[in-house]
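Enquirer: okay, sequence plus prediction incoming.
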Amino acid sequence: MIFIALALPGAMIVDLERFEDVRGFFARAWCEREFEAAGLNPRLVQASISHNHRRGTLRGMHYQAAPHAEDKLVRCIRGAIWDVIIDLRPESPTYLHHRGLELNAARGRALYVPKGFAHGFQSLMDDSQVFYQMSEFHAPEAARGIRWNEPRFAIDWPERPPILNARDAAYPDFEPSLDELLATR
């Protein structure tokens, strides 16, 4: 695997190192030792798949509050998505900064999202699928979110208007709370 640090400390692109021949390619998509060597949390306890029927579907911006804060490894396994992360760690030099990038099945690239970040994505193609691996078990009582169009972040989503569920559309404006202040502890 090839690890590429992003400008948001702790967040990384994880590219596949492909070994190609006439049959196609082979690539390692996960290795505990390589993640540890790159300074990333290798503990993954749960995996989920998100299927998105229509282009423009937006899911996010989600995170889990402490003590259930989680690291995520996110990979698009069908189609393409615009993936966005927001740094919610008050002690971080990039606090409240965000970054968006395309993940698509053809390239196989993944995004490592550290604890203390909100995460969301918008599908760029019909029938896009996203595969998540998380370092903590889902805790419904710790589920939090930030509205997708929060003015403070001014995220430039590629498809307008997005297809949203009621929960994601109703998240409030971002106001740091004790949850956010403790997000990485």
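Expert: Arrived safely, thanks for sending. Residues are numbered from 1 along each chain as shown.
Enquirer: give me the residue at the spatial middle of this structure.
Expert: His119 (4.4 Å; C-alpha atoms, centre = their mean).
Enquirer: what's opposite that residue in the beta bridge?
Expert: With DSSP bridges applied, His119 shows beta-bridge pairing to His62, Ile85.
Enquirer: surely it meets Asp71?
Expert: No. Using C-beta atoms under 8 Å, His119 makes no contact with Asp71, being 10.5 Å away. (Glycine included, C-beta is placed from N, CA and C.)
Enquirer: and for those two, which residues touch both?
Expert: Val113 (C-beta atoms under 8 Å, 6 or more residues apart in numbering).
Enquirer: the residue nearest to the centre of the chain and Ile2, how far apart?
Expert: 21 Å (C-beta to C-beta, to the nearest Å).
Enquirer: on that earlier part again, for the residue nearest to the centre of the chain, give me its contacts.
Expert: Neighbouring residues of His119 by C-beta under 8 Å, 6+ apart: 60-63, 72, 74, 83-86, 113.
Enquirer: how does it look with 10 Å?
Expert: Contacts of His119 were listed using C-beta atoms under 10 Å, 6 or more residues apart in numbering, and they are 11, 59-63, 70, 72, 74, 83-86, 111, 113, 132.
Enquirer: repeat that for Phe26.
Expert: Contact partners of Phe26, counting by C-beta under 10 Å, 6+ apart, are 16-20.
Enquirer: switch the cut-off to 8 Å
Expert: So Phe26 contacts 18-19 (C-beta under 8 Å, 6+ apart).
Enquirer: and for Leu44?
Expert: Leu44 makes contact with 30, 73, 133-135 under the criterion C-beta under 8 Å, 6+ apart.
Enquirer: repeat the analysis, applying 6 Å as the threshold.
Expert: Taking C-beta atoms under 6 Å, 6 or more residues apart in numbering as the criterion, Leu44 is in contact with Gln133.
Enquirer: pLDDT-wise, which helix or strand of the protein ranks last?
Expert: Of all helical and strand segments in the chain, the minimum by mean pLDDT, DSSP states H and E falls on helix 178-181, at a mean of 52.
Enquirer: and for the helix or strand harbouring Leu58, what are the contacting residues?
Expert: Using DSSP states H and E, Leu58 sits in strand 58-64. Contact with strand 58-64 is made by 70, 118-122, 142, 144-146, 148, 162, 164, as judged by C-beta under 6 Å, 6+ apart.
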